[in-house]
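A.B. asks: What would the 3D arrangement of this be:
(chains A and B)
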Amino acid sequence: MRIRILGLFLLLATVIPSRYDSFAQTPVVVTNTVTYSLHGRFLLVNNNNFTVRDYVYVPLPQNSSFQKSFVNYMEPNPLRYLRDEDGNFYAIVVVEVEPKSNVWINVSYTVKVSAYRLGDAGALWPSLEIVRKYTSSSGYWNIYNSTLIDLSYRTALADTPLETARKLAEWVVARVGYRIELSRLGSDHALVARRFDYVIVGDCVEVADVYVTMARILGLPARTAYGLLLSGLKGRMWLNLTTLHEEGLQLLEHWGGHMWPQVYFTEVGWVDVDMLDGLKPNVGVYNENHILFGVEETKYYGSALSSACIPSYLTLQYVEYTYEGERT
Amino acid sequence: MNRFHLLAVLISTYAVLTYAQPSYWIALNYKVTFSSDGSALVEAMLHPFSLDGNSLFGDARVERDLNASVRGIANYTLLMFSDNLKLLSYSLLSYEKRLHETVMCDVANTGVMSSFKGAYVLSTLVYLNTSNYVRKLNATLYEVKVRDSFTSMDVRSWIDVIHFCFKNVRLREFRWEPPFARGPKSAEDGCMLWENYNEQEAPDFYVFILEAPSFEYVGEPPEISAVISNIEYGYNRFTVTVKNTGLTSGYAYVRVVSNSSEQARKIYLSARASREVTFPNIAGEVFIIELYSGSELLDNRTFTTYHGDVVEPSDTVKPPDTSDKQQSTMPSVTVILIVTFIAVILIILVLTVFFKKSRQQSQENYSTDVYLK
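C.D. replies: Model (predicted):
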C-alpha cells in the first residue's frame, strides 16, 4: 500500500542516467540539465465585507549551485523583492479587492535545474561555526528527544559525514509510513513506536523533519529544502484549497509540493537527500525534477514562506502551475 | 492591524499548501523595559477581535483558546530575544486579564489606529546575559537586538505597537531593520514607541546600543561538564574520547584545529557517560583539540605529529597507541633479522669451509705421515 501511494506521489521518479561511471576525485558530477518555463497563477478571494488592500507574499524559485532562476514577469508588479532570515527570496505584491470579489496573481519563471550525483565528498567534518549554526534545536527538530538521540547513535554514528548521512537515510527510508498530513507534526510526533520497530508517519515533511533532527543530533549540519517535484518535462499541477481537506491521497495525483532534507559536506556545501524519490537513500543523488523554492535552516518555527502564495486579509483559493522543460 | 492568528501556529508546508483561515485576529501590543542588570520585563498585551473589527475580549471560546496558548505566546516572547529558546533564562511572572488596559491596532489596513479596551497580559522577565541576540561591544556597551518573532514565524504577522523603556540603562544609539520600515513614532523620557500599521512598515528587528555598566554578559551556558579523557592518533585520524563528569546530560563540541584545517563534531553525553568520536582525514602536524559546551571551553590539549607516523605528545596527552608504532618500526626489525640471518649463514659457511680445510689438511698430513712412513 505504501509503495502504491508513493508511486502516485512520485509519479515520475527519474531514472538517473548511467553516464557518471567514473567520478573519483570529483566532488560532484552534473548528470543532466533542464531549463523549465514555469507559469503559476493564484486565485485570491475577498471574503470580507470591506475592500481589502492586501500585501501578498510570493515565494520565488531560488538560486543555488544546481538551480538558476529568473522572474520573467509577475502580475500585478511586485512592490519589492525581499530575503527572509534564511536567505530565501520572495516578492511582495499589493492587491486591492472589493468585497466578495477576487483577483488573480500570475507569475512566470525560467528555472534551469541541474541533476547531479555526489562524487568524492563527505569525508571531512565541518567547522565549529557551521556545526553550531546548523545543528541547533527548533520547534520541529527537537534534538533533545531521548528516543531520537538513542536511535541516532545506535543506527548512524559513523566516522565521516557521508557515512553518517547514508546510514541515517537507510534507516529512515526503511521506516516511512506515508500518509498525508495537513499540519506539521515535527519529529517528536512523526516518529511512532510500533510493536517491533519505529515508523515515521506523515508525508515528505515528517520524513524530512525526522531525518534533519537525527542528523543534527549526530552533529551533521542539516536543513530542509522545499519546492515542487515535477512529473516529467511537461505538465500541470493544481490545488483547490476549498476541497483540499476532502481529497486525501487523491491530492498526490495533481499536486507535487515537496520537502526534502539537505546535509552539509565541507567539500561541496549543501547536498540533497531526497529519500522519497524512489524510496532510496539518495544521499547526493538529485534529479532535475526538483524546483527549489526555499530552505529552512535556523528559524525556530521553520519557514514562513513554505506556501505558493501567502495573502494576509484575502483567502487563497486556487493554485496552478504549468511547466515545460527542455534538456540543455 | 495585526495579522497574528492562533491557527497559524499549525503552519502547513508547501507539500500540502494550505493555511487555515483565521476565525479571529489578535491585536498585539508589547511593552519592553530594559534594566541595568541585563534583564528585560516584557509584557505581551493581546486583544482578540472579529474580522469585522468587533472586540472579542471576554468571549468564552476565545478565552479558552488563549488560555490554552499561553505557552505558545511565551515562546514568541522569548524568540524576540534569541533564536534558540534553550539559551534564555526567564521567569514567567503572570498571565492576567486587565480590564483597563488599552490595545491598539489598524483593524483593516486603512491607516487608522483603533483602540480596544481590555487585554490579556502575559508578563515575562527575560535575562539577556545568555542571549545570542546580545553582543558585547566594550566593557559597558552592548548591542541588543529584539526580533519581531511573529513576522519571523509568519510573514503576514507583526507586532502592532511596541513600547521600549530603559531603566537605569543609557540608550546610546538605535536603528531598525529593514531600513524601509517605519521608525519610532516617539522617542522621549527614556522610552521609544513604534506604531506599526502593517507588516511592511513594521521593523523585523529593533536594534539598540545600550550602556549598562552593571550588566555581565556570559554567553551560551554549558550544558554539561566534561573532559577529554583520551586521544589516539594514527593514519591521519584522531579518535577523541570525551567523558561527562557531571550529573546532567547534554551536548558538547569537539574541535580539532591545525594551521591548515578545522573539523568539529557535536556529541551528546548522558550523565557520567563517555563517548568516542573520530576525525578522519586530518591534515597538519600540530593540533589543538578543544572541548566546548555552550560557549565555554571545558578542556583543550595540544598534539604534535611528525610525518604522520611518529608522535610526540605534549605533557598532557597520553602516549599514542603502540600498535601504530610497532607497525611503523616493522621494516627496520625485518632488515636486522635478515642481516643477522645472512651473517649467521655466512659464519656457518665460513666455519664449515674452515673445518673442511683443516680436516683435509690433517688427512693430508696423515697420509703424508703414512706415506712418509
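
A.B. asks: which is the next helix or strand following the helix or strand where A:Ala165 lies?
C.D. replies: Per DSSP states H and E: A:Ala165 is located in helix A:161-173. Tracing the chain C-terminally past helix A:161-173 and defining elements by DSSP H and E, one meets strand A:176-178 next.

A.B. asks: That next one: partners in the sheet, and parallel or antiparallel?
C.D. replies: Its sheet considered, strand A:176-178 pairs with strand A:198-202 (parallel) by DSSP bridges.

A.B. asks: Send me the partner strand as CSV with only the CA atoms.
C.D. replies: Output of strand A:198-202 as CSV, limited to C-alpha atoms (Å, rounded to 0.1, in the frame of the first residue of the first chain):
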residue,chain,number,x,y,z
TYR,A,198,9.6,2.6,14.8
VAL,A,199,7.6,4.1,11.9
ILE,A,200,7.7,7.7,10.6
VAL,A,201,4.2,8.7,10.0
GLY,A,202,3.3,11.6,7.7
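
A.B. asks: and that strand, average pLDDT?
C.D. replies: Strand A:198-202 shows a mean pLDDT of 96.

A.B. asks: could you give the angle of it to helix A:161-173?
C.D. replies: 80 degrees (axes from the mean of the first three to the mean of the last three Cα atoms, to 10 degrees).

A.B. asks: Show me what the helix holding A:Ala165 is packed against.
C.D. replies: Judged by 3 or more Cβ pairs under 8 Å, 6 or more residues apart in numbering or on different chains; DSSP states H and E, helix A:161-173 is in contact with helix A:146-156, helix A:204-217, strand A:257-265. In short, each C-beta sits where N, CA and C put it, glycine included.

A.B. asks: What is the neighbour count of residue 296?
C.D. replies: By default, I'm working from chain A. 28 (other Cβ atoms under 10 Å in any protein chain shown).

A.B. asks: that's the wrong chain, I wanted chain B
C.D. replies: 15.

A.B. asks: what's near enough to touch it?
C.D. replies: Residues counted as contacts of B:Glu296 (Cβ atoms under 8 Å, 6 or more residues apart in numbering or on different chains) are B:Gly219, B:Glu220, B:Pro221, B:Pro222.

A.B. asks: Nearest spatial neighbour of the third one, chain-adjacent residues omitted?
C.D. replies: Closest residue to B:Pro221 apart from its sequence neighbours, by Cβ to Cβ, 6 or more residues apart in numbering or on different chains: B:Gly294 at 4.9 Å.

A.B. asks: so how many other residues sit close to the one you found?
C.D. replies: Neighbourhood size, B:Gly294 [other Cβ under 10 Å]: 21.

A.B. asks: Low-confidence regions, the chain specifically.
C.D. replies: Just so you know, I chose chain A. Scanning chain A for pLDDT under 70 picks out the ranges A:1-25.

A.B. asks: oops, I was thinking of chain B
C.D. replies: B:1-22, B:306-335, B:357-373.

A.B. asks: Domains in it, by residue range?
C.D. replies: Using automatic domain parsing, the domains assigned to chain B come out as B:6-211, B:226-325.

A.B. asks: Show me how far the longest one is from its chain's centre.
C.D. replies: Computed by Cα atoms, centre = their mean, to the nearest Å, the chain-centroid distance of domain B:6-211 equals 25 Å.

A.B. asks: again with stretch A:256-267
C.D. replies: In terms of Cα atoms, centre = their mean, the centre of stretch A:256-267 is found 7 Å from the chain centre.

A.B. asks: Could you confirm whether any residue of that stretch contacts chain B?
C.D. replies: Yes - Stretch A:256-267 lies within reach of chain B by Cβ under 8 Å from any Cβ of the partner chain, at A:Gly257, A:His258, A:Met259, A:Thr266.

A.B. asks: right, and the third one touches A:Leu229 too?
C.D. replies: In this case it means A:Met259. No - in this structure A:Met259 lies outside contact range of A:Leu229 using Cβ atoms under 8 Å: 9.5 Å.

A.B. asks: So if I had to pick from the two, which one is more boxed in?
C.D. replies: Shown here are A:Met259 and A:Leu229; by other Cβ under 10 Å, A:Met259 has more neighbours (29 against 26).

A.B. asks: Quick check: beta-bridge partners of the more buried one?
C.D. replies: In this structure, A:Met259 bridges to A:Tyr226 when assessed by DSSP bridges.

A.B. asks: same deal with the one 10 residues further on?
C.D. replies: When assigned by DSSP bridges, A:Gly269 has beta-bridge partners A:Phe265.

A.B. asks: ok, B:Val353 to B:Val344 distance?
C.D. replies: According to Cβ to Cβ, to the nearest Å, B:Val353 and B:Val344 sit 15 Å apart.

A.B. asks: so which strand or helix has the residue of chain B found nearest chain A?
C.D. replies: Closest to chain A within chain B is B:Lys266: 3.2 Å, counting by Cβ to the nearest Cβ. Assessed by DSSP H and E, B:Lys266 sits inside strand B:262-269.

A.B. asks: wait, does stretch B:102-121 make contact with chain A?
C.D. replies: Yes - using Cβ under 8 Å from any Cβ, stretch B:102-121 comes into contact with chain A via B:Ala108, B:Asn109.

A.B. asks: So which residues of the stretch 1-150 of chain A form helices?
C.D. replies: Secondary structure of the stretch 1-150 of chain A (DSSP state H, counting those that start in this stretch): helices at A:2-9, A:128-134, A:146-156.

A.B. asks: what's near enough to touch B:Phe180?
C.D. replies: A:Arg80, B:Gln200.

A.B. asks: The one 5 residues further on now?
C.D. replies: By Cβ under 8 Å, 6+ apart, the contact set of B:Lys185 is B:Leu193, B:Trp194, B:Glu195.

A.B. asks: looking at it, the last one is touching B:Met104, isn't it?
C.D. replies: Yes - taking Cβ under 8 Å as the contact criterion, B:Glu195 and B:Met104 are neighbours in contact, 7.1 Å apart.

A.B. asks: Quick check: neighbours shared by those two?
C.D. replies: In terms of Cβ under 8 Å, 6+ apart, B:Glu195 and B:Met104 are both contacted by the residues B:Met113, B:Asp160, B:Val161.

A.B. asks: CSV for those, including neighbour count and secondary structure?
C.D. replies: Below are the shared contacts of B:Glu195 and B:Met104 laid out as CSV (neighbours: other Cβ atoms under 10 Å in any protein chain shown; DSSP: H, G, I helix; E, B strand; the rest coil):
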residue, neighbour count, secondary structure
B:Met113, 17, coil
B:Asp160, 29, coil
B:Val161, 23, strand
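
A.B. asks: Now render those residues as a markdown table, adding distance to A:Ala123.
C.D. replies: Output for the shared contacts of B:Glu195 and B:Met104, formatted as a markdown table (distance: Cβ to Cβ, whole Å):
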| residue | distance to A:Ala123 |
| --- | --- |
| B:Met113 | 59 |
| B:Asp160 | 52 |
| B:Val161 | 53 |
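
A.B. asks: Tell me the residues on the stretch 201-328 of chain A that lie near chain B, please.
C.D. replies: Near chain B, when you scan the stretch 201-328 of chain A using Cβ under 8 Å from any Cβ, you find A:203-205, A:216-219, A:226-228, A:239, A:241, A:244, A:251, A:255, A:257-259, A:266, A:293, A:298-308, A:310-313, A:315-316, A:319.

A.B. asks: Give me the distance between A:Ala208 and B:Met153.
C.D. replies: From A:Ala208 across to B:Met153, the span is 19 Å (Cβ to Cβ).

A.B. asks: Of those two, give the one with the bigger neighbour count.
C.D. replies: More neighbours surround A:Ala208 than the other of A:Ala208 and B:Met153, with 34 against 24 (other Cβ under 10 Å).

A.B. asks: quick one, what contacts that one?
C.D. replies: A:Ala208 touches A:Thr224, A:Met259, A:Trp260, A:Pro261, counting by Cβ under 8 Å, 6+ apart.

A.B. asks: My guess is A:Gly257 contacts A:Leu244. True?
C.D. replies: No - using Cβ under 8 Å, A:Gly257 is not in contact with A:Leu244, being 11.2 Å away.

A.B. asks: what lines up beside the helix or strand harbouring B:Thr124 in the sheet?
C.D. replies: Here B:Thr124 sits within strand B:114-127, counting by DSSP H and E. Paired strands of strand B:114-127, with direction, are strand B:39-49 (antiparallel), strand B:89-105 (antiparallel) (DSSP bridges).
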